[in-house]
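Student: Got a sequence here, can you build the structure:
(one chain, ligands or ions: 1)
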Amino acid sequence: MSILKGKVALVIGGAGEVGEGVVRQFLTHGATVVVPSRDEYRIEQLRNHLGQICCDRLITFQAGCTTEEGGHDLRKKIENEVGHLDTVVASIGGWWQGEQLSQVPLRIWNHIMENSLTAHFVAAKTFLPLLADQEGSCYIFLNGGAALYAIPTAGPISITASAQLMLKNVFVAEYEQHPIRINTLLVKTKINTRSQPNPKPYWITADEVGLYTVYLASPACDLRGETIIFNERGEIPILFE
Ligand SMILES: NC(=O)c1ccc[n+]([C@@H]2O[C@H](COP(=O)([O-])OP(=O)(O)OC[C@H]3O[C@@H](n4cnc5c(N)ncnc54)[C@H](OP(=O)(O)O)[C@@H]3O)[C@@H](O)[C@H]2O)c1
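Tutor: Numbers count the residues shown, from 1 in each chain. Below is the predicted model:
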């Protein structure tokens, strides 16, 4: 199926657990997919996991969004070597659980802020201005249930996830007059990824997340400014195979 034929999607965090499903679904549905990773080994692993679906529509770069310079370099690489961009999916920031908040070392706090919030900010401030006035463009934040609940011993994750929701809301308000559609997909369950040894049947899979983000990026979707929340697998609509 080629619902995204001719479209170019940047999947930041595409080498991650959830990102893999997003990348696979965008490739399956005809898009060219750009995946940056700070670690070349993770890109190699992604290619191995994707297997046969890998093709010349998958373009990878060693890059990150920790600093403005990093974001700027990634944007330049895309402009120079890909030339065009329609969609950004920000699948940025992983899980952490450790001490109660009052015991969290500042070093860990800063690390989680940098990867789970600042990287979203840098990615959005780098790519939203590029896409804002382009008809059919969209920016999708991925987020989890920690944004809505205080999870003991995972405080920095709950705090960054919650702030990520407001980050998106501010960008939505500031780009209200522009054609770009900005949405968050928030999955409240764990996501069934390549590393989950005993997934529960009600967990949404990484590929189901990917398929829904394909829908959000497709011309069939007119959602804008939304936070779409899925509590469990059964709630995902059947859009297309
Ligand atoms: N896994 C779940 O059960 C679950 C459930 C609900 C929601 N989610 C959401 O899914 C998203 C991804 O989670 P995940 O489980 O796939 O995590 P993951 O496997 O740890 O992947 C996270 C990705 O974020 C990228 N990243 C982190 N810091 C970055 C930075 N400074 N600059 C650029 N990229 C950076 C990493 O890129 P590198 O390749 O450069 O390391 C990595 O690929 C998160 O937004 C999370 O809230 C996950």
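
Student: Excluding chain neighbours, give the residue nearest to Glu176 in space.
Tutor: Closest residue in space to Glu176, ignoring its immediate chain neighbours: Gly225 at 7.7 Å, by Cβ to Cβ, 6 or more residues apart in numbering. Every residue, glycine included, has its C-beta placed from N, CA and C.

Student: Same check on Glu81?
Tutor: Glu81's closest residue in space is Ile59 (Cβ to Cβ, 6+ apart), at 7.3 Å.

Student: Correct me if wrong: the residue nearest to Glu176 contacts Phe171.
Tutor: No - taking Cβ atoms under 8 Å as the definition, Gly225 is not a contact partner of Phe171, at 9.4 Å.

Student: Output the below-cut-off pLDDT ranges for this protein.
Tutor: 1, 240-241 (pLDDT under 70).

Student: helix/strand/coil for the residue nearest to Glu176?
Tutor: Three-state call for Gly225 (DSSP: H, G, I helix; E, B strand; the rest coil): coil.

Student: Distance of it relative to the ligand?
Tutor: Going from Gly225 to the ligand by Cβ to the nearest ligand atom, to the nearest Å gives 19 Å.

Student: List the contacts of Cys54.
Tutor: For Cys54, the contacting residues are Leu27, Arg47, by Cβ atoms under 8 Å, 6 or more residues apart in numbering.

Student: wait, what's in contact with the residue nearest to Glu176?
Tutor: Contacts were defined as Cβ under 8 Å, 6+ apart; by that measure Gly225 touches Asn169, Val172, Glu176, Arg181, Ile182, Asn183.

Student: residue ranges for the strands of the chain, please.
Tutor: Shown for the chain, the strands assigned by DSSP state E span residues 8-12, 32-37, 58-62, 87-90, 138-144, 181-187, 191-192, 204-205, 227-230.

Student: Compare those strands and give me the one nearest Ile108.
Tutor: strand 138-144 (18.6 Å; Cβ to Cβ).

Student: how many other residues sit next to the residue lying closest to Ala206 once chain neighbours are set aside?
Tutor: Once flanking residues are discounted, Ala206 sits nearest to Gly21: 2.7 Å by Cβ to Cβ, 6+ apart. Gly21 has 26 neighbours, counted by other Cβ atoms under 10 Å.

Student: Distance-wise, check Phe61 relative to Cys55.
Tutor: Shown here: Phe61 relative to Cys55, a distance of 17 Å by Cβ to Cβ, to the nearest Å.
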